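A predicted structure for the sequence below; I have some questions about it.
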Amino acid sequence: MNYYGAKELAAAYRTVRKNTIQIAEEIPEEHYGFHAAPGTRTVGQMLVHVATSPRFPHQIHAVEHLSDLSKFDFMDFFGTLAVIEQRPHTKEHILALLKEEGERFAGWLDTLDDDFLAEVVTGPMGPPRTRFEMLLGPKEHEMHHRSQLMLIERMLGITPHLTRQMEERMAAMRAPKA
């Protein structure tokens, strides 16, 4: 019996994307060109990267339904995404991209069944894994970049919304004792 399936995967992904969108909304557009360190993506590039990266698992699992990743042209696919990242984008466009791409991917996740999620995929990137294991990756990838964005918020003098929410909960718990 599975307690965590496609519906839960889609809901968890939507929660992660919602938090990423809130960060993107809170960072002023004039800081979208900010580099945290030499050789890193700008805030805008990182947000475009996060927005478009679910295209990779969608291509593999939905479009091509590959069970052997050695047949996938990684360099061509990621080269196309890199070109998109490097183009100039407005904050408004990036927010729209985050919303549209996120919901497109989550909507697809909602349609999956347990048999599909149990299928095994092999390839050049380690041991065989189920599609379910692989489809946890986009959420984990986004959370990785979201943590970078939260640190960047701190560098820009912005307290991240998740920190503010936690501080509010802590204050509420202390209030009755005071």
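Yes, it's here.

just give me the neighbour total for Asn19.
18 (other C-beta atoms under 10 Å). Using the backbone N, CA and C atoms, a C-beta is placed for each residue, glycine as well.

relative to Glu142, how far out is it?
9 Å (C-beta to C-beta, to the nearest Å).

and the pLDDT at the residue nearest the centre of the chain?
Residue closest to the average C-alpha location in the chain (C-alpha atoms, centre = their mean): Glu142, at 2.8 Å. On the pLDDT scale, Glu142 is placed at 97.

so which bits of the helix or strand that contains it are buried?
Using DSSP states H and E, Glu142 sits within helix 137-155. Across helix 137-155, burial judged by 16 or more other C-beta atoms under 10 Å covers 138-139, 141-142, 145-146, 149-150, 152-153.

and that helix, what other elements does it pack with?
Identification of packing neighbours for helix 137-155 by 3 or more C-beta pairs under 8 Å, 6 or more residues apart in numbering; DSSP states H and E yields helix 6-26, helix 43-52, helix 55-57.

closest to Gly123 out of these?
helix 55-57 (12.7 Å; C-beta to C-beta).

who are the packing partners of whichever helix or strand comes after the closest one?
Under the assignment DSSP H and E, the closest C-terminal helix or strand after helix 55-57 is helix 74-86. Judged by 3+ C-beta pairs under 8 Å, 6+ apart, the packing partners of helix 74-86 are helix 43-52, helix 55-57.

try it again with 7 Å
helix 43-52 (3 or more C-beta pairs under 7 Å, 6 or more residues apart in numbering; DSSP states H and E).
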